[in-house]
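Okay, here's the prediction I keep looking at, along with the sequence it came from:
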Amino acid sequence: MKNYLIAFCLVLSSACLFSQTLIPDANFEQALLNQNIDSDGILNGQVPTSDINSLSILDVNNSNIADLTGIEDFENLIVLNCSNNNLTSLDFSNQPELEDIDCSHNLLTSLTLYPTSTGTNYADIRLYCNNNLLTSLDLNGLYLLNILDCSFNNIQNLSINTLSLTQLDVNNNNLTELDFTTNSSESFIDFDFNTKSNPNLLCIAVNDPVYCTANYASNKDSQTVYATDCANLGITELESYSFNIYPNPTKTKFTIQLKNTTELKKVTIYNNLGQHVLTSKKLVINTSKLVSGLYFLEIETNKGKGSKKLIIE
């Protein structure tokens, strides 16, 4: 029996020692060969797992790689640069130690990250996934996200739930909402961000809209405002009917023009901080007592609700 146990252990040790990781993308394997990471020295669609599972840094940028299958066995990676390739999807759910990821300038439509809240890595995370084809980005659990650049994608919704974010670039996306209220930097000191070129982003939720409006006006598009509660602005509701307001911009009054059989029930006006400033049931509304600035109208009718922006000069 003892001999059988010894033999079994030897077989098991040999199996672990000679375990192979499949690398189906020839360009990925060639990039490893060029760095003397693949010890068998030949292009055969696989590398010894022992060659890669202890690596902490990997740079395979600009290598014409379309498939990064095999990356899951790089279990101890801390820094990865796979930018400027032809990758369409990435899954880093098996890389708990990753701190610095550059997967920019690819063709990514899917990106899966390891949630730092369940890992052993308590270092700040830096993610560069700009210039891809992402429509969504799940940051759930990435409480230690420090730098995020996801600019030049087509992302519509992004939830920032982190304790240490200092840099954020989301320009040139299709964002409709953005919430900074969970970020620990309530005063926005040492917080560098860019939300420009998001034409459908009308409101950014922040803890101190007055401070942000005064100090970060150039970090957003002109139609975007800061508010503590974007829902109060009524900007997320779709118009279920057709109506117009004129003149807009206005100085002392404006008129609501309803079409077909639509009947007005109530008009509620909010300022750019999300504060209620006026309610009316009239089609012609006097604004002479309102200060100049951007306002949001929530118009309630017998056919539903709609919203419009109003500028008072």
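It's in. Numbers count the residues shown, from 1 in each chain.

all contacts plus neighbour counts: C-alpha atoms, from now on.
OK.

just the strands in the stretch 151-300 of the chain please.
For the stretch 151-300 of the chain, strands defined by DSSP state E, counting those that start in this stretch occupy the ranges 157-159, 167-169, 177-179, 192-194, 203-205, 225-227, 243-246, 253-258, 264-271, 276-280, 284-286, 293-301.

Can you say which of those strands is nearest to L58?
Each of the strands of the stretch 151-300 of the chain was scored for nearness to L58 using C-alpha to C-alpha, and the closest is strand 167-169 (23.8 Å).

I figured F191 was touching T166, is that so?
Yes: using C-alpha atoms under 8 Å, F191 is in contact with T166, at 4.5 Å.

Point me to the residue sitting closest to the centre of this structure.
L158 (4.3 Å; C-alpha atoms, centre = their mean).

Tell me which residues touch K196, please.
By C-alpha atoms under 8 Å, 6 or more residues apart in numbering, K196 lies in contact with 170-172, 219-221.

Pick the most deeply packed of the strands of the stretch 151-300 of the chain.
Among the strands of the stretch 151-300 of the chain, strand 225-227 has the highest mean neighbour count (mean count of other C-alpha atoms under 10 Å), at a mean of 26.

what residues are up against N140?
Going by C-alpha under 8 Å, 6+ apart, the list of residues near N140 reads 115, 159, 161.

Next, find the distance separating it from L178.
Note on N140: its distance to L178, by C-alpha to C-alpha, to the nearest Å, is 15 Å.

re the thing from before, between F191 and T166, point out the one with more neighbours.
Applying other C-alpha atoms under 10 Å to F191 and T166 shows that T166 carries more neighbours, namely 19 against 14.

Kindly reformat the strands of the stretch 151-300 of the chain as TSV and extend each row with distance to G41 and mean pLDDT.
Shown next, in TSV, are those (distance: least, C-alpha to C-alpha, whole Å; pLDDT from 0 to 100):
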stretch	distance to G41	mean pLDDT
strand 157-159	44	81
strand 167-169	41	93
strand 177-179	49	85
strand 192-194	45	90
strand 203-205	53	86
strand 225-227	57	82
strand 243-246	70	84
strand 253-258	75	88
strand 264-271	67	86
strand 276-280	70	89
strand 284-286	79	92
strand 293-301	65	82
